[in-house]
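S.K.: Just to be clear, the model below is a prediction. Sequence and coordinates:
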Amino acid sequence: MSSKETTASVLLIEDDDSLRRVWSDELQRMGFAVKALARAEPALDAVRLEPPDAILLDLNLPGMPGMQALEKLLAIDNTLQIIVCTGHGTVPLAVDAMRRGAMDFLAKPVSLDVMEQTVRRATGTASLLQENARLKRITASAAPVGTITLSPASQRFDATLQRVAQTQQTVLLLGESGTGKELGARRIHALGQRAHMPFVVINCGAMPRHLMESELFGHVKGAFTGAEQKRLGLFEAASGGTIFLDEIAELPLDLQPALLRAVQFGEIRPVGSDVVRKVDVRVIAATHRDLHAMIQSERFREDLYYRLAVLEVRVPPLRERTEDIGELARLFLGQQNARNGRTLMLSPSAVGRLERHPWPGNVRELENVIVRLSVLAAGPELNAADVDEFAIGSRPQAQSGPLPTLSLRELEKTAIQEAMRRFDGNKRKAAEALGVALKTLYNKLNASDGAEDADEPEAQ
């Protein structure tokens, strides 16, 4: 992990040119990424674009006064760590600022040692707040999950889930891509004894290899370059609840023994630590791959397979659940109507056309088809011709051909645009909602714009 990835950012708002230059140089020497401004007005825009880890705010500013700037900054984000700077004899003003939400104050002239200690305390608090927000997102208890069970196949599947939910055994969900294995895992959690506890999802295929062990089991301070503080792993974050290991077949072979020990004995060891910790989690894993073939080719441990597959459940593909297609399509269309402000409906002919499609991409493909229809079809009632023209096409498609869905690039662009709209251009919040790193979001935005963003901040 590079130093760039872990550099704390500081926004300095100071109208005195010489002081601003000196403080900026010193803060950079201390290892901070600094953005220095002379007035508060542009600082508001800068914070909306990318909230810094700490703000040094002079209270005696031209234009917008510092106290007003403090209130406006906190209105943008009330978790901002703002240190106000005051002149000699204005301590009461600083105390008032702290009552209004500032985290600390510095009285000029400022000792550089005191400044460094204060700023490091502020950035440390910001880091803890970000970590707490991350853990809250990933450990949010799963809401009660219902399921559409009009077909005999889905009724049998849901009955199995209900029986499985009453045990504490590990579960392996097997099925084709897009069948809804995560929804099945959430259903098990919601119906079980741990429903009020965290449900944590880990996509083993999407996690960077060099971060995977740390993400799963945590690390101690100094365990590797960039590990500036202790971090709780996802197994500990899920303590008392359920952890869902999606795409388990993608887990690297060298990490499988540590996972085996976590599943079998409830023991983990954070990266860089000599201390073994106990965790109490129920493990549900899922894959669309043939694990028996992977065991034969020595890409998956046989002992881990048998530990995970205590209860093995097959998730039926959508082609075996024809009776569910219409209801699923209406559910997805209702979600898109709410999102887009439309009132589209599915006609019986549209439902019939959807039911005749083989759905090689399963429920995920159906959802993408409905997204495409909700955007491209005129409505208000969607018919079979709309389904053929905008989503599926009139010619039969081979199983090996391309799925009639939006491309990954289109789906990604749509998701990014929606997140940026929802959070008023706040890239940090958009990245958190999308579940990607801030730097990744910047790269995606730059790629879509066709140009590099010279003002890209350090990734947090």
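M.R.: Here it is on my side, so go on.

S.K.: Could you find the closest non-adjacent residue to R339?
M.R.: Counting by C-beta to C-beta, 6 or more residues apart in numbering, E418 is the residue found nearest to R339 once chain neighbours are left out, at 7.7 Å. Every C-beta, even on glycine, is put in place using the N, C-alpha and C of the backbone.

S.K.: Equivalent analysis for E298, please.
M.R.: L253 is the one closest to E298 (C-beta to C-beta, 6+ apart), at 7.9 Å.

S.K.: which residues touch that neighbour?
M.R.: Taking C-beta atoms under 8 Å, 6 or more residues apart in numbering as the criterion, L253 is in contact with E298, R299, F300, R301.

S.K.: got it, and R209?
M.R.: P252.

S.K.: Quick check: it vs L253, distance?
M.R.: Distance, R209 to L253, by C-beta to C-beta, to the nearest Å: 11 Å.

S.K.: Check which helix or strand the residue nearest to R339 maps to.
M.R.: helix 408-422 (DSSP states H and E).

S.K.: mind listing what's buried in that helix?
M.R.: E412, K413, I416, A419, M420 (16 or more other C-beta atoms under 10 Å).

S.K.: now the angle from the helix or strand that that helix is followed by to helix 408-422?
M.R.: Beyond helix 408-422 on the C-terminal side, the first helix or strand identified by DSSP H and E is helix 427-434. Helix 427-434 and helix 408-422 are oriented at 120 degrees to each other (axes from the mean of the first three to the mean of the last three C-alpha atoms, to 10 degrees).

S.K.: List the buried residues of stretch 315-327.
M.R.: Neighbour-count burial for stretch 315-327 [16+ other C-beta under 10 Å]: V315, P316, P317, L318, R321, T322, E323, D324, I325, G326.

S.K.: Make TSV from these and add distance to L183, secondary structure and pLDDT to it.
M.R.: Compiled in TSV, the buried residues of stretch 315-327 are given as follows (distance: C-beta to C-beta, whole Å; DSSP: H, G, I helix; E, B strand; the rest coil; pLDDT from 0 to 100):
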residue	distance to L183	secondary structure	pLDDT
V315	9	coil	92
P316	12	coil	92
P317	14	coil	92
L318	13	helix	91
R321	13	coil	90
T322	19	helix	90
E323	18	helix	91
D324	12	helix	89
I325	16	helix	90
G326	18	helix	89
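
S.K.: Low-confidence bits of the chain, can you list those?
M.R.: 1-6, 88-91, 131-147, 222-223, 225-229, 393-409, 448-460 (pLDDT under 70).

S.K.: Show me the domain layout of it.
M.R.: As given by automatic domain parsing, the domain ranges for the chain are 4-135, 152-316, 319-390, 408-449.

S.K.: Show the end-to-end separation of the second one, please.
M.R.: In other words, domain 152-316. The first residue of domain 152-316 is 11 Å away from its last residue (C-alpha to C-alpha, to the nearest Å).

S.K.: Please compute how far it lies from its chain's middle.
M.R.: 17 Å (C-alpha atoms, centre = their mean, to the nearest Å).

S.K.: try the last one
M.R.: Averaging C-alpha coordinates over domain 408-449 and over its chain gives two centres that are 11 Å apart (C-alpha atoms, centre = their mean).

S.K.: start the count at 49, not 1, going forward
M.R.: Sounds good: first residue 49 from here, last item domain 456-497.

S.K.: Give me the PyMOL select line for the contacts of L301, limited to the buried ones.
M.R.: Command for PyMOL, covering only those of the contacts of L301 found buried under the criterion 16+ other C-beta under 10 Å:
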select buried, resi 348+349
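
S.K.: Mark which of the contacts of L301 are part of helices, please.
M.R.: Among those, no member is found in helices (DSSP state H).

S.K.: Keeping just the C-alphas, turn stretch 288-299 into PDB.
M.R.: Provided in PDB are the C-alpha atoms of stretch 288-299 (Å, rounded to 0.1, in the frame of the first residue of the first chain):
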ATOM      1  CA  GLY A 288     -22.700 -12.800  16.700                       C
ATOM      2  CA  GLY A 289     -24.200 -12.700  13.200                       C
ATOM      3  CA  THR A 290     -23.700 -14.200   9.700                       C
ATOM      4  CA  ILE A 291     -20.900 -13.800   7.200                       C
ATOM      5  CA  PHE A 292     -21.700 -14.500   3.500                       C
ATOM      6  CA  LEU A 293     -18.700 -15.500   1.400                       C
ATOM      7  CA  ASP A 294     -19.900 -15.000  -2.100                       C
ATOM      8  CA  GLU A 295     -17.800 -16.400  -5.000                       C
ATOM      9  CA  ILE A 296     -16.000 -18.600  -2.500                       C
ATOM     10  CA  ALA A 297     -14.200 -20.500  -5.400                       C
ATOM     11  CA  GLU A 298     -12.200 -17.300  -6.100                       C
ATOM     12  CA  LEU A 299     -10.600 -17.300  -2.700                       C
END
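
S.K.: who touches that stretch?
M.R.: By C-beta under 8 Å, 6+ apart, the list of residues contacting stretch 288-299 reads 187, 189-190, 220, 229-230, 233-234, 236-237, 240, 242, 245-254, 260, 282-283, 307, 328-335, 337, 339, 342, 347-348, 356.

S.K.: W71: what's it in contact with?
M.R.: Counting by C-beta under 8 Å, 6+ apart, W71 has contacts L60, E62, A84, L104, M163.

S.K.: The fourth one: helix or strand, and which one exactly?
M.R.: Read it as L104. Going by DSSP H and E, L104 is part of strand 102-106.

S.K.: May I have that strand exported as CSV, CA atoms only?
M.R.: Extracted in CSV, the C-alpha atoms of strand 102-106 (Å, rounded to 0.1, in the frame of the first residue of the first chain):
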residue,chain,number,x,y,z
ALA,A,102,-9.1,18.1,8.8
ILE,A,103,-9.7,21.8,8.3
LEU,A,104,-7.6,24.7,9.7
LEU,A,105,-10.0,27.7,9.6
ASP,A,106,-8.9,31.3,10.4
